[in-house]
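In: Quick one: sequence plus predicted model below, questions after.
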Amino acid sequence: QVQLVESGGGLVQAGGSLRLSCVVSGRTLNTYAMGWFRQAPGKEREFVAAIRWSTAYTTYEDSVTGRFTISRDAAKNTVFLQMNSLKPEDTAVYYCAADRRPMAIWARDRYSEVWGQGTLVTVSS
């Protein structure tokens, strides 16, 4: 069973940067992709980015492409989401997630096998 613990949320001004971290524990990590989803107030949860643990292949939601970067440090069992050029519309609770399905399928779904507890990111204008 994979477990996820996020950190790194906070308040930032528009145009600023934040880095989210997600410590991953469990076995058979190579069978998983790790990702980030977010849920803004009054909106449904949406996919943000994902990385295949075994190959480091990445995929992104269109609105964050070029601004956000997902990466992983296998030695530290940690996944990162570097968020640059933040906008007020990026304000949301960000959830680390893990799933064993192909990323192209997972990215179109709001379901994930494993969720972290979430961390709040607030971008002020």
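Out: Great, that's in hand.
In: roughly how far out does the one helix or strand in the chain whose mean pLDDT sits lowest sit from the chain middle?
Out: Using mean pLDDT, DSSP states H and E, helix 103-106 stands out as the lowest-scoring helix or strand of the chain, at a mean of 92. Mean-position distance between helix 103-106 and its chain equals 14 Å (CA atoms, centre = their mean, to the nearest Å).
In: next SSE after that helix?
Out: With elements assigned by DSSP states H and E, the helix or strand that comes after helix 103-106 is strand 114-115.
In: packing partners for that following strand?
Out: With contacts taken as 3 or more CB pairs under 8 Å, 6 or more residues apart in numbering; DSSP states H and E, strand 114-115 sits against strand 3-7, strand 92-99. Placement of C-beta: from N, CA and C, glycine included.
In: can I get the ones you listed in TSV with distance to T28, mean pLDDT and mean neighbour count?
Out: As requested, these are exported to TSV (distance: least, CB to CB, whole Å; pLDDT from 0 to 100; neighbours: other CB atoms under 10 Å):
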stretch	distance to T28	mean pLDDT	mean neighbour count
strand 3-7	13	95	16
strand 92-99	11	97	23
